[in-house]
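> Sharing a sequence plus its predicted fold:
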Amino acid sequence: MAYVQPAEFAAKMIEAGESKIMMSTKDTLIRAYMAGAILALAAAFAVTIAVNTGNFLVASLLFPVGFCMLYLLGFDLLTGVFTLAPLAVIAKRAGCTWKGVFRNWGLVFVGNFAGAMTTAVFMAIIFTMGFSEEPNAVGQRIGQIGEARTLGYAAAGGAGLLTVFIRAVMCNWMVSTGVVAAMMSNTVSGKIMAMWMPILVFFYLGFEHSIVNMFLFPSGIMLGGEFTWFDYLAYNEIPVILGNLVGGLTFVGGMIYATHFKTSPKRNVSGVGTPAE
């Protein structure tokens, strides 16, 4: 069957987490680098669609193409390993430790950031004709996004930080649901369909994704956005990473593990099936 039952894909999640922890440094970095680069390109694609069509829904409908590509190619996002890697430790898989989890997270972060930065530089060159002209309409829009989603949060103080954190929690609730959804099917078409839906939800609702932001904000600075690296890190990237961790590990990994992998015994209701006296 194309559909995989919840108990089966819950076990697949544990196996995937174990694989991430045990992966070599070289393979982890390469796969993370390519994931960051591809997702960044999808973000540039979506912003271009939104600017050229004036329709953000169309951009949101098409953005998941990048996520599907990187998943099917076996590349890794920080948001995904936030959810999967800890499960192997919780399930007590041999050789899997929290040290291994933190190692994996650190390597994937470095790879994702390097990949997203590569795409950011390439697209900045394209948007400015090799930095010889002012940014085109898409480049200007990227700079404006960076300002709104750093200085806008900063202006609101603690309420702004709470908002960006919750948006990040909600983001990885959806993105990690997409990662797990791909395990629900044994066919490529089924995987793509299952992944597409939660990624569309996250993007259209404007939730905060740490790897997408690794592209948007550095490129926004390069394209003339009036905010700084400190603004980006303090009011977006750091709280977003923390929110993504909480969202993926609790609402997706923890919940599925608790109910589909560690299923509690069924209730035993006495007297069921006996005739009434």
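Nice, thanks for sending it over. Numbering: from 1, shown residues only.

> pretty sure residue 42 contacts residue 60?
No. With contact defined as C-beta atoms under 8 Å, residue 42 does not count as touching residue 60 (11.3 Å). Every residue, glycine included, has its C-beta placed from N, CA and C.

> who's more crowded, these two?
Applying other C-beta atoms under 10 Å to residue 42 and residue 60 shows that residue 42 carries more neighbours, namely 24 against 20.

> From residue 133, how far out is the more buried one?
Per C-beta to C-beta, to the nearest Å, residue 42 is found 25 Å from residue 133.

> ok, now residue 18?
Residue 18 sits 50 Å away from residue 133, going by C-beta to C-beta.

> Looking at those two, which one has more neighbours?
Taking neighbours as other C-beta under 10 Å, residue 18 and residue 133 compare with residue 18 leading, 21 against 10.

> Using the three-state scheme, assign that one.
Three-state call for residue 18 (DSSP: H, G, I helix; E, B strand; the rest coil): helix.

> just checking, it touches residue 90?
No. At 11.2 Å, residue 18 and residue 90 do not qualify as touching, with contact defined as C-beta under 8 Å.

> which residues are in contact with both of these two?
Shared contacts of residue 18 and residue 90, defined by C-beta atoms under 8 Å, 6 or more residues apart in numbering, are absent.

> Now residue 100: closest residue in space that isn't a chain neighbour?
residue 21 (4.1 Å; C-beta to C-beta, 6 or more residues apart in numbering).

> in terms of contact, does that neighbour touch residue 99 like I think?
No. If you go by C-beta under 8 Å, residue 21 and residue 99 don't touch, sitting 9.4 Å apart.

> quick one, which of these two is more surrounded?
Comparing residue 21 with residue 99 by other C-beta under 10 Å, the one with more neighbours is residue 21, at 25 against 10.

> How much space separates that one from residue 94?
Using C-beta to C-beta, we find residue 21 at a distance of 11 Å from residue 94.

> check contacts around the residue positioned nearest the centre of the chain.
Central residue of the chain (C-alpha atoms, centre = their mean): residue 79, 4.1 Å from the mean position. Going by C-beta under 8 Å, 6+ apart, residue 79 touches 171-172, 175-176, 179, 209-211, 244, 248.

> can we see that at 10 Å?
35, 39, 67, 108, 112, 168, 171-172, 174-176, 178-179, 202, 209-212, 240-241, 244-245, 247-248, 252 (C-beta atoms under 10 Å, 6 or more residues apart in numbering).
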